[in-house]
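Visitor: Sharing a model that was predicted from the sequence below.
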Amino acid sequence: MKNNIDFIYEYSDLNLFHTRVKVLTGHYEGLIIEFGGSTLAQWVKKRKVKNNFTFEYTIYQIPEQLKNYKLRGTPEFERFLAYLLVDVISDRDKDPKAKQKLDEAAMAGGIKNVKINIDASWYNYN
């Protein structure tokens, strides 16, 4: 998947250093999620290398066509998210403004110009 074609991403305006992603094409078009921490673990078991990739995410918006489907925990959805996260990380590694964006996200005021809008109810902390 390609940035600005299949998805867009930015640092979160809610959670320090989390990455918000909006899917623009395909089966999950319109999905907005936010990735938190992730880990890649590797070990050897019975002479075979095993990999385990885990990541945290929050779903902020589910498109209408997927409202009646179980997403969280299904292998197809989790695989999609894993590949999406890898593509976001890969794109960020190539971005010449990545350090500038990271610095803005780390500032006291955080992200100011949000491209991926979510429902205002996510901002209420009552």
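Guide: Good, I have the coordinates.
Visitor: rest of the way, CA atoms for contacts and neighbours
Guide: Will do.
Visitor: so how many other residues sit close to Ile8?
Guide: Number of residues near Ile8 (other C-alpha atoms under 10 Å) recorded here: 17.
Visitor: contacting residues around it?
Guide: Neighbour list for Ile8: Val21, Lys22, Val23, Leu24 [criterion: C-alpha atoms under 8 Å, 6 or more residues apart in numbering].
Visitor: Tell me if I'm right that Met1 and Asp87 touch.
Guide: Yes - taking contacts as C-alpha atoms under 8 Å, Met1 lies within contact range of Asp87: 6.5 Å.
Visitor: Excluding chain neighbours, what is closest to the spatially most central residue of the chain?
Guide: Here the mean C-alpha position of the chain is nearest to the C-alpha of Phe35 (C-alpha atoms, centre = their mean), at a distance of 3.8 Å. Once flanking residues are discounted, Phe35 sits nearest to Tyr57: 4.4 Å by C-alpha to C-alpha, 6 or more residues apart in numbering.
Visitor: so where's this protein shaky on pLDDT?
Guide: Along the chain, the model assigns pLDDT under 70 to residues 125-126.
Visitor: Where do the strands of it begin and end?
Guide: When assigned using DSSP state E, the strands of the chain occupy the ranges 7-11, 19-23, 32-45, 48-61.
Visitor: Would you mind finding the most buried of those?
Guide: Here the criterion is mean neighbour count by mean count of other C-alpha atoms under 10 Å, and of those the winner is strand 19-23, at a mean of 24.
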